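1. below: sequence and its predicted model.
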Amino acid sequence: MRSIFFILLLALSSYASSVDCNQIFESRKSEILKDIEKVDDARQSFEALKAATNALFDKQKAHIEGENRKLDDKKAQLEKKQKHIEELIAQNKKLLNLIKSAKNNKLSETYSKMKDSAAAGVFEDMDTVQATSIIFTLSAKKISKILAKMDPMKASKITLRLKQGPPFIIKKKGK
């Protein structure tokens, strides 16, 4: 009897342990299902965030492209204005050269018609740079006659400036 009791006890204990395992597996199964739900929720949240981020990125990209188009338009306008300004500057330079040429021709004509001694007196009283720039426009024959009538020191300064050539600017030492 003891052996039957022992076998019965052993059978009951093995049945009881199998019941406990099923309960453990069932409780673990429900935990795993909850974890799967959490992962699924996290994945859905991630997908929603990804879609929102992509939409925001596309919106920003469109805005940047619009701003780039505006900048390109402004750049084209500025280049057009710059070209126009450069054309105006070139026209103004031409006009200025024509005016200077006309002025120099008038001065040259005036001094070439003057007597040599009178012109020499006027040039001696002038600044060396101004006198040189006017004398430069005269003919070589007229220049030699005027320089012959001038003070030798002033004539030598003008000759050195004429040798230097235009523009007849005074060069400062140390620069």
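-> That came through, no problem. Numbering: from 1, shown residues only.
2. Gln164 versus the most centrally placed residue in the chain, what's the distance?
-> Taking CA atoms, centre = their mean, the centroid of the chain lies closest to Lys75, which sits 11.0 Å from it. Per CB to CB, to the nearest Å, Lys75 is found 45 Å from Gln164. Every residue, glycine included, has its C-beta placed from N, CA and C.
3. same thing with Glu65?
-> For Glu65, the distance to Gln164 - CB to CB - is 59 Å.
4. can you check Gln130 too?
-> For Gln130 relative to Gln164 (CB to CB), the value is 15 Å.
5. now swap in Thr110 and tell me
-> 24 Å.
6. distance between the helix or strand where Gln91 lies and the chain's centre?
-> In the assignment (DSSP states H and E), Gln91 maps to helix 2-113. Centroid separation between helix 2-113 and its chain, computed with CA atoms, centre = their mean, to the nearest Å, is 25 Å.
7. residues near Gly121, how many?
-> Neighbour count of Gly121, defined by other CB atoms under 10 Å: 15.
8. about what we covered before: average pLDDT for the helix holding Gln91?
-> In this model, helix 2-113 carries a mean pLDDT of 84.
9. after that helix, which helix or strand is next?
-> helix 116-125.
10. same for whichever helix or strand comes after that following helix, what does it pack against?
-> Next along the chain after helix 116-125, taking DSSP H and E as the criterion, comes helix 128-135. Identification of packing neighbours for helix 128-135 by 3 or more CB pairs under 8 Å, 6 or more residues apart in numbering; DSSP states H and E yields helix 2-113, helix 116-125, helix 140-149, helix 152-164.
11. against which helices or strands is the third one packed?
-> The elements that helix 140-149 packs onto, with contact taken as 3+ CB pairs under 8 Å, 6+ apart, are helix 2-113, helix 116-125, helix 128-135, helix 152-164.
12. reformat the ones you listed as CSV; add distance to Ile146.
-> Compiled in CSV, those are given as follows (distance: least, CB to CB, whole Å):
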stretch, distance to Ile146
helix 2-113, 8
helix 116-125, 5
helix 128-135, 7
helix 152-164, 9
